[in-house]
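[1] how would this look folded up:
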Amino acid sequence: MKTPLTKKTLRQHLTYSWWKYVLAFVLIIFCVTFYYDISSYRSPENKKVELYIYGVTDDESLRAYMEGVRLSRMSDQEVIEPMVLTTDSAYGPMQLTTYMAAGEGDLYALPKDSFVGLAGDGAFLPLEEDEELMSLLSDAGITLQSGWRRNRNTGETHLYGIPLNKLPGLSRLMYVENGYLSVSAMNKNDENVFRFLRILVGDMLTAPEPDEIPPETDIP
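    Coordinates of the predicted model:
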């Protein structure tokens, strides 16, 4: 015979079984979130270019610039955007290592120590093989000695990074201490990543006019 449902029995039931309802609620939320995560549209790798920055940025201006490039000069791409990594001394290196290991990010703007270590591990693509990029830099009279690094795995030396101080126009968009700009060897969109890199370098070879620099910025 079933126990009649009364206020007393309901109170007793909830006293001992409340956690079941909480668990059920949490599971429902998790399942709904998981469903939307796996079913939501994601741009294919050959339709996006992401710039990961281990430093500080004028995020609004940088996003506006990159989106402007996408709309006006790379309209075949669905996403061209930056991502700023944490520079916290405890979590920053861990986050950077995790992203690199997972093959996240196409371009990286990194401080010298990170760049040197990763370049030595073969984490970046050689830049000197892009003739158009090299001509662009050569015509501007830019020397790149510090960007050449030896790959410890192959023993070969390549140009793995462009010193950010050679691109003064970037001063209004980002700051990475003793930074270098590199292309991840694990990117899945070589053609468009290098196309964006050439555009970025060409645009940033000259310093911004004073009235182009945002009046309020976190960039030192």
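[2] can you list the domain ranges for the protein.
    If the domains of the chain are taken from automatic domain parsing, they occupy 1-40, 45-212, with pieces of a single domain joined by a plus sign.
[3] just name the most buried of these.
    Ranked by mean neighbour count under mean count of other CB atoms under 10 Å, those are led by domain 45-212, which reaches a mean of 17. To be clear about C-beta, it is placed using only N, CA and C from the backbone, and glycine gets the same treatment.
[4] how far does that one sit from the chain's center?
    In terms of CA atoms, centre = their mean, to the nearest Å, the centre of domain 45-212 is found 9 Å from the chain centre.
[5] what is the mean pLDDT for it?
    Across domain 45-212, pLDDT averages out at 94.
[6] mind checking the SS state of the residue most central in space within the chain?
    Relative to the mean C-alpha position of the chain, the nearest C-alpha, by CA atoms, centre = their mean, is the one of Tyr52, at 2.4 Å. The assignment at Tyr52 comes out as strand when based on DSSP: H, G, I helix; E, B strand; the rest coil.
[7] ok, now which ones touch it?
    Shown in contact with Tyr52 (CB atoms under 8 Å, 6 or more residues apart in numbering): Pro82, Met83, Leu85, Tyr99, Glu104, Gly105, Leu107, Tyr108, Ala109.
[8] again, only this time at 6 Å
    Neighbouring residues of Tyr52 by CB atoms under 6 Å, 6 or more residues apart in numbering: Met83, Leu85, Gly105, Tyr108.
[9] by contact count, what packs against the host helix or strand of the first one?
    So the one you mean is Met83. When elements are defined using DSSP states H and E, Met83 is found to belong to strand 79-84. Taking 3 or more CB pairs under 6 Å, 6 or more residues apart in numbering; DSSP states H and E as contact, the helices and strands that strand 79-84 lies on are strand 48-53, helix 59-73.
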